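1. Everything below, folded, please.
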Amino acid sequence: MKVIYRVLTMASLLALFAATTFAQTTLSRKLPNEIFHEGFPTAEATKLLADELLFQRAVQTYLWALPALSMYGMKEGSEKIFGKGYNVLPVFRTRLNAKTLITTPNSDVIYAMGYLDLKDGPLVIEVPPGLQGILDDFWQRPICSEGKINGRVWCGDVGLPGPDHGKGGKYLLLPPDYEGTPPDGYYTMRSRTYGVFVFWRGFFKNPTDLGPPVALIERTLIYPPGKKDNAEPMKLPDASNVPADMLFPRDGTAFDMFSRFINHEYVDPADMWMRGMAESLGIAKGKAFDPDARMRSTLDRAARVAFGMSRVAASGPGGAKKWYHDRQWLNGFPGGSPDFTTPTYAQCDLRSAFFSIGYSTSPGMAVNIVNVGAKYLAAMNDSGGNYLSGANAYRLSLPKDVPAHLFWSVTVYDALTASGLDNGQPFPSINSMDKPVANADGSTDFYFGPQSPGENKNWLKTVPGKGFFVILRLYGPTEPFFNQTWRPGDIEKVM
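-> Modelled structure (predicted):
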């Protein structure tokens with residue numbers, strides 16, 4: 001069922017979403033005129049309202065679980081192909097292409113992604129100098145230092161934007177229920193889940209010479225504290241060009257996956273109310289998940305509707321906000337918080353929107369500091385506000401002097417899966433190190449469409465019948481980006 005559902009088009013998904021939503025909004029018409037008899041609900045109303053409550057709780061549980069579902073989809077998809085263990089760190093040695101199904105990956109850096117389990121105790125990560133990476137828990141929240149390091153608490157970032165400042169060092173990861181005094185000599189971090197996502201990014205200067213960043217990543221060591229000499233040897237399988245499905249489910253099997261997560265993970269007291277909602281679906285720690293056929297049908301419908309809701313949020317309304325008042329580019333972190341919180345509330349729709357199409361967060365992705373971290377601009381609509389269609393031809397113009405201290409790139413993604421668009425090209429992206437053809441005035445034009453616009457054009461192929469969206473990445477954004485003296489053009493349909 002899961003595989004079959006994943007080939008559904010966005011049109012059919014939205015049709016299902018609309019039909020189901022219509023059915024739910026007509027609930028009041030199905031109820032008897034008198035819901036109560038002598039102060040008690042009638043038998044008919046009781047059944048209808050119980051069904052509605054189950055459906056609504058399933059929808060909200062799916063939306064709440066999205067970060068964990070996304071992470072478990074990545075974890076289980078990776079472990080199926082490359083194996084599991086603290087010593088397994090798949091490396092995309094020749095970059096990540098569209099054969100790896102994962103939400104909004106970057107094909108223009110070298111990736112390494114590992115999945116640790118702290119249930120048996122702490123682990124040490126030896127980070128080599130010059131590395132840049134992220135450490136998130138399995139709710140995809142940046143893992144923070146145990147107390148202050150050099151006068152401040154550090155969260156998520158490793159390397160240049162992290163506490164080691166690019167000099168490398170030993171990071172000690174503590175499980176959430178760790179008791180005792182941790183040993184000295186480490187950057188000590190405490191995860192809020194047993195699961196830890198290790199996400200390394202290696203930067204290259206020449207697309208034809210990937211050896212240096214790969215060699216740097218391969219110097220990573222992971223082992224239990226005090227057991228370096230007899231730990232399991234590191235396994236660094238080459239993940240490039242290996243088809244792997246690392247997407248989260250968009251149907252009722254999502255609840256089976258979430259049950260596996262809940263049964264393994266630490267019980268965070270902050271999650272009790274949402275865990276209570278999951279329990280009403282039969283998902284609870286120490287409890288086998290075995291829904292009957294009727295429950296299965298409701299959960300499947302709820303997952304599909306919830307996924308549709310998350311994509312509505314990702315498209316803008318209620319979720320992502322625009323970078324510019326007069327352009328279509330969306331900002332996934334408008335509040336500047338990597339955990340989608342404000343001083344007085346959590347940004348629920350923004351959280352759902354982000355984890356519907358992406359993974360991993362860190363302060364470096366959200367803060368606004370010149371030359372630090374990265375900025376991501378996403379476009380799902382053309383200049384007229386219409387969704388981008390793989391059957392049409394479009395042009396994007398970037399003014400000269402793109403404000404990126406390190407590099408920048410343009411990438412196309414499948415509108416439904418949010419993975420790299422499998423368009424037959426080596427990579428679904430073009431980056432500044434590819435030396436894209438520039439215009440006489442220094443600006444750069446990119447073309448999107450099923451047919452090539454001609455020689456010496458910066459062309460990313462699209463697929464008729466598949467919608468797509470574009471992400472413009474700026475690594476090390478410079479001042480003109482922040483003060484908006486530099487702004488990208490909209491994606492314009494070519495007539």
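2. Can you read off the pLDDT for Phe17?
-> Looking at Phe17, its pLDDT stands at 49.
3. nope, Lys80 is what I meant
-> Per-residue confidence at Lys80 stands at 97 (pLDDT).
4. Give me the below-cutoff pLDDT ranges for the stretch 301-450 of the chain.
-> By pLDDT under 70, the weakly predicted segments of the stretch 301-450 of the chain are 316-319.
5. Do a quick rundown of the helices in it.
-> Taking DSSP state H, counting those that start in this stretch, the helices of the stretch 301-450 of the chain run over residues 348-357, 363-366.
6. buried set for the helix or strand Leu49 falls within?
-> Per DSSP states H and E, Leu49 falls inside helix 43-82. The neighbour-count check on helix 43-82 (16 or more other Cβ atoms under 10 Å) flags 45, 48, 54-55, 57-78, 82 as buried. Every residue, glycine included, has its C-beta placed from N, CA and C.
7. Out of the helices of the stretch 301-450 of the chain, the one nearest Leu416 is which?
-> Leu416 sits nearest to helix 348-357 of all the helices of the stretch 301-450 of the chain, at 10.2 Å, using Cβ to Cβ.
8. in that closest one, what's buried?
-> Buried residues in helix 348-357, counted by 16+ other Cβ under 10 Å: Asp349, Leu350, Arg351, Ser352, Ala353, Phe354, Phe355, Ser356, Ile357.
9. Contact partners for the closest residue to Ala231 other than its chain neighbours?
-> Excluding its sequence neighbours, the residue lying closest to Ala231 (Cβ to Cβ, 6 or more residues apart in numbering) is Tyr223, at 3.4 Å. In this structure, Tyr223 makes contact with Tyr86, Asn87, Leu123, Val124, Ala231, Glu232, judged by Cβ atoms under 8 Å, 6 or more residues apart in numbering.
10. Give the burial count for the nearest residue to the second one once chain neighbours are set aside, as a bare number.
-> If you skip the residues right next to it in sequence, Asn87 has Glu232 as its closest partner in space, 4.1 Å away by Cβ to Cβ, 6+ apart. Each residue near Glu232 was counted by other Cβ atoms under 10 Å, and the total is 13.
11. Next up, phi/psi of Glu232, please.
-> phi -60, psi 130 (degrees, to the nearest 10).
12. Over to Thr253?
-> Taking degrees, to the nearest 10 as the convention, Thr253 sits at phi -70, psi -10.
13. same deal with Arg275?
-> Dihedral angles of Arg275 (phi, psi; degrees, to the nearest 10) stand at phi -60, psi -30.
14. now the strands for the stretch 101-250 of the chain?
-> Secondary structure of the stretch 101-250 of the chain, counting by DSSP state E, counting those that start in this stretch: strands at 110-117, 123-127, 132-137, 144-145, 157-159, 169-174, 187-190, 195-202, 221-223, 244-245.
15. looking at those strands, which is buried most?
-> Comparing those by mean neighbour count (mean count of other Cβ atoms under 10 Å), strand 132-137 ranks first with a mean of 27.
16. so what does it touch, helix or strand wise?
-> Counting contacts by 3 or more Cβ pairs under 8 Å, 6 or more residues apart in numbering; DSSP states H and E, strand 132-137 packs against strand 157-159, strand 195-202.
17. Output that strand as CSV, restricted to C-alpha atoms.
-> Extracted as CSV, the C-alpha positions of strand 132-137 are listed here (Å, rounded to 0.1, in the frame of the first residue of the first chain):
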residue,chain,number,x,y,z
GLN,A,132,30.8,21.5,9.3
GLY,A,133,27.8,19.6,10.5
ILE,A,134,24.7,19.4,12.6
LEU,A,135,23.7,17.2,15.6
ASP,A,136,19.9,16.9,16.0
ASP,A,137,17.8,14.7,18.2
